[in-house]
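>>> kindly generate the corresponding structure for this input.
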Amino acid sequence: MERAEALAQPMRELLQTHPVLVSLLEERGIHCGECFIADRETLGGVAIMHHVDLDELLAEWARREALPRAD
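Residues are numbered from 1 along each chain as shown. The predicted structure is shown next:
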């Protein structure tokens with residue numbers, strides 16, 4: 001997924017299509033799936049609101065999605 005596309009989608013959509021992002025955020029104490037604003041908030045907004053470095057978050061997300069899955 002391109003950076004601009006990821007940053008434009010509402011969090012609820014991102015979380016539904018990218019479950020690894022759920023874990024990544026929850027490890028940082030961010031529980032977007034439970035938040036009422038997830039339908040309108042973006043990943044960039046979440047990073048600002050929770051004082052998380054967006055570039056680091058995106059890099060870790062990309063790294064984790066590239067790892068082979070242990071299914």
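
>>> could you use CA atoms for every contact and neighbour count after this?
Fine.

>>> contacting residues for the spatially most central residue of the chain?
Centroid check for the chain by C-alpha atoms, centre = their mean gives Leu21 as the closest residue, at 4.4 Å. Residues in contact with Leu21 (C-alpha atoms under 8 Å, 6 or more residues apart in numbering) are 14-15, 61.

>>> burial of the nearest residue to Pro10 once chain neighbours are set aside, as a residue count?
Leaving aside its sequence neighbours, Pro10 sits nearest to Thr42 (C-alpha to C-alpha, 6 or more residues apart in numbering; 4.8 Å). Neighbourhood size, Thr42 [other C-alpha atoms under 10 Å]: 19.

>>> correct me if wrong: Thr42 contacts Leu15.
No. Using C-alpha atoms under 8 Å, Thr42 makes no contact with Leu15, being 10.9 Å away.

>>> so what's Ala8 up against?
42-43.

>>> name the helix or strand of the chain that has the lowest mean pLDDT.
Sorting the helices and strands of the chain by mean pLDDT, DSSP states H and E puts helix 3-8 at the bottom, at a mean of 85.

>>> would you mind listing the buried residues in it?
6-7 (16 or more other C-alpha atoms under 10 Å).

>>> in the next helix or strand after that helix, what counts as buried?
For helix 3-8, the following helix or strand on the C-terminal side (DSSP states H and E) is helix 11-17. Neighbour counts over helix 11-17 (16+ other C-alpha under 10 Å) mark 11-12, 14-15 as buried.

>>> many thanks, have a good one.
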